[in-house]
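J.: Need a 3D model of the following:
(4 chains)
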There are 2 protein chains.
Amino acid sequence: MRTLNERADVIPLIAEVFREFGFEGTSLSRITEKTGLGKGSLYHFFPGGKEEMARAVLAHVDAWFEREIYAPLRDGAPEPSIARMWLGVDDYFRSGRRVCLVGAFALDGTRDRFAAAIADYFIRWIAALRDALLRDGWDAGAAGDAAEEVVLGIQGALVLTRATQDEAVFGRALARFRRRLQQPAAI
Amino acid sequence: MRTLNERADVIPLIAEVFREFGFEGTSLSRITEKTGLGKGSLYHFFPGGKEEMARAVLAHVDAWFEREIYAPLRDGAPEPSIARMWLGVDDYFRSGRRVCLVGAFALDGTRDRFAAAIADYFIRWIAALRDALLRDGWDAGAAGDAAEEVVLGIQGALVLTRATQDEAVFGRALARFRRRLQQPAAI
DNA sequence: GACATCTTGTACCGAAAGGTACAATCTAGT
DNA sequence: ACTAGATTGTACCTTTCGGTACAAGATGTC
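T.: Sure, this is the predicted structure:
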């Protein structure tokens, strides 16, 4: 069937628009421009309109992180899956050139509308990383602290990179966090 | 003269609106609602409209940080002025309940319009903190790294606090950073 | 009280917003 | 080839957007 594929294909494009302009700044005209789909098709795929598109995009992002980052952290060997996280994050955010949609939504007035999805994304990330650290021999307090610090730091690095237009900021931040997760004693 | 005072009085109110809804999400009707000023007055004080209001708000935020945080870091004794920074930041951001306007602007499509002001705010913060650390005996590399990490971490803490609606996140993050700036060797 | 200067409310503008209606078209299965 | 369903383009709706025009009202100065 072609229907499902087309809807799925269009979500990443819509995601880019939301990422670039935020929820309020994203207009249907910008979406039709980016996707090449008219309002007819758009409302056919997303009867709930803009809000349903945003929800689909959030779910899509969440699914990517669950598959590529969280699940490996929870189920795989700790050190390789943490190494994989660094690669995945750097790649996904294009070394800081790309912004985190969930983080951007968290900051503006949009938050309340998608509160559950937004909170979930971060809480699960922290929990998964903490889990990997625990299995790597960290004690509970330090693991929780470090996991929270790293996830929060990635968001901060994205803000600062975008603010200064200096990709090096993102690279330096990731390198610092990577080093820190290799020396539990220092925390 | 009453004119200047009134304009100055209204900027913090407008700032709150921008902080809550972002640039795109802030409409003139929301501003008139918050300030009690009609469009006539608003355009009298800010002939450039919404963009001039945003610019005035950014300048106002910048001036606050310059006066309360950056200048003390540059000119005062390092340790007391860093201690003052922690208090000022926690107070200003209301323990994470309040979002950083500059960070929020950096993330959405608004960034390009105010690029210079946004970059400046962060670059000067990092430079001032680095300066204080240098005068506190840190070596150049570690001071630059730590300053960048702290400023970036505060932004991340705001994102995460707002995302999870859990103020404790902000408090924990500030405590971690404070501790880290007291033990240069660990970096 | 007269006068010039601020200050404000009201009415209005064109453009764009999100959304709806629906007929025309395409596609798959038989 | 026929038909039911999925898909799409077009036209249109209401509301709100940022912004303008301008006359009326407030205000301080002399």
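
J.: Tabulate the CA atom coordinates of the helix or strand hosting residue A:89 in CSV.
T.: If you go by DSSP states H and E, residue A:89 is part of helix A:78-92. Below are the C-alpha coordinates for helix A:78-92, written out as CSV (Å, rounded to 0.1, in the frame of the first residue of the first chain):
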residue,chain,number,x,y,z
PRO,A,78,27.4,-0.3,28.7
GLU,A,79,30.6,1.0,27.1
PRO,A,80,29.9,0.3,23.5
SER,A,81,26.4,1.6,23.7
ILE,A,82,27.6,4.8,25.3
ALA,A,83,30.2,5.2,22.6
ARG,A,84,27.4,4.6,20.1
MET,A,85,25.4,7.4,21.8
TRP,A,86,28.2,9.9,21.2
LEU,A,87,28.4,9.0,17.5
GLY,A,88,24.6,9.0,17.2
VAL,A,89,24.1,12.4,18.9
ASP,A,90,26.9,14.1,16.9
ASP,A,91,25.5,12.7,13.7
TYR,A,92,21.8,13.4,14.5
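
J.: Tell me the buried residues in that helix?
T.: Burial within helix A:78-92, assessed by neighbour count using 16 or more other C-beta atoms under 10 Å in any protein chain shown, is assigned to A:78, A:81, A:82, A:85, A:86, A:88, A:89. (Glycine included, C-beta is placed from N, CA and C.)

J.: what's it in contact with?
T.: The contact list for helix A:78-92 (C-beta atoms under 8 Å, 6 or more residues apart in numbering or on different chains) reads A:64, A:68-69, A:72-73, A:76, A:98, A:129, A:132-133, A:135-136, A:154, A:170-171, A:174, A:177-178, A:181.

J.: Filter the residues you listed down to the buried ones and hand me the ChimeraX line.
T.: When burial is assessed using 16+ other C-beta under 10 Å, the buried subset of these is captured in ChimeraX by this command:
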select /A:68,69,72,73,98,129,132,133,135,136,154,170,174,177,181
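
J.: what's whichever residue of chain A sits closest to chain B in contact with, if anything?
T.: Of all residues in chain A, residue A:156 sits closest to chain B, at 2.8 Å by C-beta to the nearest C-beta. By C-beta under 8 Å, 6+ apart, residue A:156 lies in contact with A:173, B:151, B:152, B:153, B:154, B:155, B:156, B:157, B:159.

J.: so residue A:149 makes contact with residue B:175?
T.: No - in this structure, residue A:149 is not within contact of residue B:175 by C-beta atoms under 8 Å, at 11.0 Å.

J.: the more surrounded of the two?
T.: Comparing residue A:149 with residue B:175 by other C-beta atoms under 10 Å in any protein chain shown, the one with more neighbours is residue A:149, at 27 against 12.

J.: leaving aside the residues next to it on the chain, what's closest to that one?
T.: For residue A:149, the nearest residue in space outside its immediate sequence neighbours is residue B:176; the separation is 6.1 Å by C-beta to C-beta, 6 or more residues apart in numbering or on different chains.

J.: Which residue lies nearest the spatial centre of chain A?
T.: residue A:100 (5.1 Å; C-alpha atoms, centre = their mean).

J.: I am finished for the moment; much appreciated.
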